[in-house]
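S.K.: sequence below, structure please.
(chains A and B)
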Amino acid sequence: EPEVTQTPSHQVTQMGQEVILRCVPISNHLYFYWYRQILGQKVEFLVSFYNNEISEKSEIFDDQFSVERPDGSNFTLKIRSTKLEDSAMYFCASINIPGTAYNEQFFGPGTRLTVL
Amino acid sequence: GESVGLHLPTLSVQEGDNSIINCAYSNSASDYFIWYKQESGKGPQFIIDIRSNMDKRQGQRVTVLLNKTVKHLSLQIAATQPGDSAVYFCAEDAGGTSYGKLTFGQGTILTVHP
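M.R.: Here you go, the predicted model:
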């Protein structure tokens, strides 16, 4: 069964450092998303990406965040200067082309980011 | 003292019982509603969805009910098994140009005792 993969599974970084979280969405999917989940809290939308540009972003997704699809398979989330409050699980997700029926959004296993 | 994070509702059932998990959603304009299961250390896993023009949908051992009047969603799991133990989240999808942008509820911890 196809799946979304994410690397690394756990990233530890110092405050102020840049991190890049990587995702490989399902190969024929066209819509890509990043979400985050602070420990013990609900999953929060960060950004959606389609056709090589951001479709929508949340208030959390400020200038410190960026996304990129550098090639035909990877989808990355970069945090330019990490803060303590960026510590969370970050999930990548993807969908095929939306149609008349709802298309399941597939989530990756997540990257746990710890900012010290 | 100050609390950190949310205190999730919990539901404990015996194996074989039916479970009902409830969720209140916020956006009356949402087009789709989805239930996700999240096991420890894993990403959310799709269970079932329902469109706003429906009030009930059944899957394998699961049923989702939608009450738009009171903005309430429920997930019924029949013959609950230990493998069903997880955190369950409801989510709304506004659809249209925001298709796929999910707004998650706070989650319910389901514990199934053998």
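S.K.: ok, how many other residues are close to residue B:52?
M.R.: 16 (other Cβ atoms under 10 Å in any protein chain shown). For every residue, glycine as well, the C-beta is placed using N, CA and C.
S.K.: and the closest residue to it other than its chain neighbours, what does it touch?
M.R.: Leaving aside its sequence neighbours, residue B:52 sits nearest to residue B:31 (Cβ to Cβ, 6 or more residues apart in numbering or on different chains; 5.3 Å). By Cβ atoms under 8 Å, 6 or more residues apart in numbering or on different chains, the residues touching residue B:31 are B:51, B:52, B:93, B:94, B:95, B:96.
S.K.: which among these gets closest to residue A:19?
M.R.: Nearest to residue A:19 among the contacts of residue B:31 is residue B:93, at 28.6 Å by Cβ to Cβ.
S.K.: ok, and the closest non-adjacent residue to the closest one?
M.R.: residue B:32 (4.1 Å).
S.K.: ok, the one you found touching residue B:98?
M.R.: No. With contact defined as Cβ atoms under 8 Å, residue B:32 does not reach residue B:98; the gap is 10.8 Å.
S.K.: what about the residue nearest to residue B:93, how many neighbours?
M.R.: 19.
S.K.: what residues are bridge-paired with it?
M.R.: residue B:51, residue B:93 (DSSP bridges).
S.K.: with residue B:109 instead?
M.R.: In beta-bridge terms (that is, DSSP bridges), residue B:109 pairs with residue B:10, residue B:87.
S.K.: same question, residue A:77
M.R.: Bridge pairing for residue A:77 - DSSP bridges - gives residue A:21, residue A:67.
S.K.: doesn't residue A:21 make contact with it?
M.R.: Yes. The criterion here is Cβ under 8 Å, and residue A:77 meets it with residue A:21 at 4.5 Å.
S.K.: residues that sit against both of the two, list them.
M.R.: With Cβ under 8 Å, 6+ apart, residue A:77 and residue A:21 have common neighbours A:34, A:90, A:92.
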